[in-house]
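Colleague: build the 3D model from these lines:
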Amino acid sequence: MSTFDLHDPATAPEASRSMLEESERTFGMIPNLHRIMAESPELLDAYKHLHELFLNTSLTATEQNVVWLTINIEHRCHYCIPAHTAIAHGMNVDQEIIVALREERSLGDPRLDALRTFTLEVVRSRGNVAPESIETFLASGFSRRNVLEVLLGVAQKVMSNYLNQIAETPVDAAFEKFIWKPGQAA
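Modeller: I've put the predicted structure just below:
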């Protein structure tokens, strides 16, 4: 059980209060991830900022979700997998791609499979990606900019995935229908 507080604007440190209020305006609720991050205004601010930056990359909405869900599943993040499944649905990612990601199987699209494979190599190798892997990624239609954008997505997800493991963040009711276990799609 988590020993971390689920803050709201009344209990959070002063510097986190407006960020929690912004989360509530944006999402119609304050995600438990943000509630726990609020203990450190710097972490909450950094996470929210990285999220906005990643949304503004040259990657499409589907590609962004491939990066996020690939990392979340690799890290077995009990919170981020259901949260990002809901986000993927909200961003109109094809249901078959979401299911394939959750089942850890081919996405049925060579370009998206290359993105998933490259993202996994970045995470598993802790950035020690073989030059051939970068060349394969580039040959699949991605750019050097996309290599760097994947790193941005990894940085964002490391923050949340690790926090959720440490804090045992409870899954929000809005995401419960997307709870994931290995081998489980939806």
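Colleague: chain center to stretch 64-77, what's the gap?
Modeller: 6 Å (C-alpha atoms, centre = their mean, to the nearest Å).
Colleague: for it, what does the pLDDT average out to?
Modeller: Across stretch 64-77, pLDDT averages out at 98.
Colleague: in it, which residues are buried?
Modeller: For stretch 64-77, a neighbour-count test (16 or more other C-beta atoms under 10 Å) marks 64-75, 77 as buried. C-beta coordinates here come from the backbone N, C-alpha and C atoms, glycine included.
Colleague: got it, and stretch 29-36?
Modeller: 30, 31, 32, 33, 34, 35, 36.
Colleague: ok, which pair from those is furthest apart?
Modeller: 30 and 36 (10.4 Å; C-beta to C-beta).
Colleague: hang on, isn't residue 79 packed against residue 166?
Modeller: No - Residue 79 lies out of contact with residue 166 (C-beta atoms under 8 Å); the separation is 11.3 Å.
Colleague: ok, back up a step: can you tell me which of the buried residues of stretch 29-36 lies nearest to residue 118?
Modeller: residue 33 (25.7 Å).
Colleague: that closest one: what's it in contact with?
Modeller: With contact set as C-beta atoms under 8 Å, 6 or more residues apart in numbering, residue 33 has these partners: 47, 79, 80, 83, 160, 163, 164, 169.
Colleague: just for the chain, where's the confidence low?
Modeller: 1-2, 183-186 (pLDDT under 70).
Colleague: tell me where it has strands.
Modeller: Using DSSP state E, no strands are found in the chain.
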